[in-house]
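*Asks:* Predicted model and sequence follow; I will ask about them next.
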Amino acid sequence: MENSFKLVIILFLGVFQIALAQNTISGTIRDANGPLPGANVIEVGTNNGVSTDFDGNFEISVSDGANLEISYTGYFTQTIEVGSQSSFDILMEEDTEQLDEVVVTSLGFTEKRDKLGSTYSVVSTGAVQRSGEATFANALSAKAAGLSVTRSSGDPGAGSRIRIRGANTILGSSEPLIIVDGSPLNSSITKIVNGGSSNSGAVNFGSRLNDINPADIASVQVLKGASAAALWGSRAANGVIVITTKEGQSGKAKITFSTTYSFDEISERIPRQNVWGQGQNGIYSPTKAESWGDYIPDRAGGADAVNTSGGFFTSQNGNVYYPIITKNSRETYIEENFNAAFQTGTFIQNDLNISGGNNKNAYFFSLTN
């Protein structure tokens, strides 16, 4: 009986010493952009390990003198000595050579880029969202090699002309094919009216590409090559821009709100002549659009002679304007009119995203104002 009691005491002390030798370690694993969920934390030389939670936090019990191995896909593996420290803030460094870039093919499958043999460019969605552009098409400018985006006009909502590695035709369209979540999108920006080509023969109706909110974009790929665009045939002769929008993911509801505030100014003020007045052949004429009228410095100066017995025009501010008989004033109002039309533009956009789901269903809701 006495020997049995001694044996129980010895076993209890051994278990107590093992318990004392265990240290609880906690910390956060992150990179330059934020926490890394799912990172592996393993005690070196054992099977003892945990993974970080959604916020990049972990907690693990290790023995005295243990070393921890930290690993995460696409990042360099780190080994740290625990010592007497109980809390860690671990910054991971990205290993760019470890990751193979994955792209979406025309059939909707994902494939490693180096196996396709086609000309691919992947546009950073973060760069698109940070561009501050009011439209998605303009936000693509200078974001991929060989991709050229030019504004067709300054009208609100006007479309932009997109070219991939230059134009392929003189008379036909050089616009690339736009694919949004597997469906072709009509990106035409003009329509000829009155059956002819004149100074006012084309009207800009905008582009449906501008209906896409940059904050809803998950990935953008620009491709040009027969093998990459085989599914779309001749429509892909000018290249293809494949756009994939965001979708809900399993997990708790996530709410994201962002505000974009940007300014828009003209890049260069074009010099304008202020010597010749409105008209033709050196004669002032208020009914002519050309500026080949009278020589402004030769005018008499003072107020213009007007016809007050005929028709007149009343502006919104109440000023009354009569037809000019003789042009006397040397004022051109060029700078005033220019500044009124080309003021500094401001753009404010608010984006609200709500997403979440479970193993069976997922949802993604977005609102832009």
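*Replies:* Arrived safely.

*Asks:* can I assume Leu209 sits in a strand?
*Replies:* No: counting by DSSP: H, G, I helix; E, B strand; the rest coil, Leu209 is located in no strand; its state is helix.

*Asks:* Correct me if wrong: it contacts Ile178.
*Replies:* Yes: counting by C-beta atoms under 8 Å, Leu209 does reach Ile178; the two are 6.0 Å apart. C-beta here means a position set from N, CA and C on the backbone, and glycine is covered the same way.

*Asks:* Between the two, which has more neighbouring residues?
*Replies:* Ranked by neighbour count (other C-beta atoms under 10 Å), Leu209 and Ile178 place Leu209 first, with 24 against 20.

*Asks:* Report pLDDT for the more buried one.
*Replies:* Looking at Leu209, its pLDDT stands at 77.

*Asks:* swap in Trp276?
*Replies:* 91.

*Asks:* Break down the stretch 151-300 of the chain into its strands, ranges please.
*Replies:* 160-164, 177-180, 183-185, 190-192, 202-204, 217-224, 240-245, 251-264, 279-280, 283-284 (DSSP state E, counting those that start in this stretch).

*Asks:* Distance check, Pro184 against Ser124.
*Replies:* In this view, Pro184 and Ser124 are 24 Å apart by C-beta to C-beta, to the nearest Å.

*Asks:* and Val180, what is it in contact with?
*Replies:* Counting by C-beta atoms under 8 Å, 6 or more residues apart in numbering, Val180 makes contact with Ile212, Ile243, Thr245.

*Asks:* Tell me who's in contact with the most centrally placed residue in the chain.
*Replies:* Closest to where the C-alpha atoms of the chain average out (C-alpha atoms, centre = their mean) is Val128, at 1.9 Å. Counting by C-beta under 8 Å, 6+ apart, Val128 touches Phe136, Ala139, Leu140, Lys143, Pro214, Ile217, Val220.

*Asks:* any idea how far the second one is from Ser84?
*Replies:* Meaning Ala139. Ala139 is 51 Å from Ser84, by C-beta to C-beta.

*Asks:* between these two, which one's more packed in?
*Replies:* Taking other C-beta under 10 Å, Ala139 and Ser84 do not tie; Ala139 has more neighbours (24 against 6).

*Asks:* which residues in the stretch 1-150 of the chain form strands?
*Replies:* Counting by DSSP E, counting those that start in this stretch, the strands of the stretch 1-150 of the chain are 22-31, 34-35, 40-43, 49-51, 57-63, 67-71, 78-81, 87-91, 102-104, 110-112, 119-123, 147-151.

*Asks:* what's the closest of those to Ser174?
*Replies:* For these, the distance to Ser174 is smallest for strand 147-151, at 9.9 Å, taking C-beta to C-beta.

*Asks:* List the buried residues for the closest one?
*Replies:* Neighbour-count burial for strand 147-151 flags Leu147, Ser148, Val149 (criterion: 16 or more other C-beta atoms under 10 Å).

*Asks:* Equivalent analysis for stretch 277-297, please.
*Replies:* For stretch 277-297, by 16+ other C-beta under 10 Å, it's Gly277, Gln278, Gly279, Tyr284, Ser285, Ser291, Gly293, Asp294, Ile296.

*Asks:* what do you get for stretch 326-336?
*Replies:* Across stretch 326-336, burial judged by 16+ other C-beta under 10 Å covers Lys327, Thr332.
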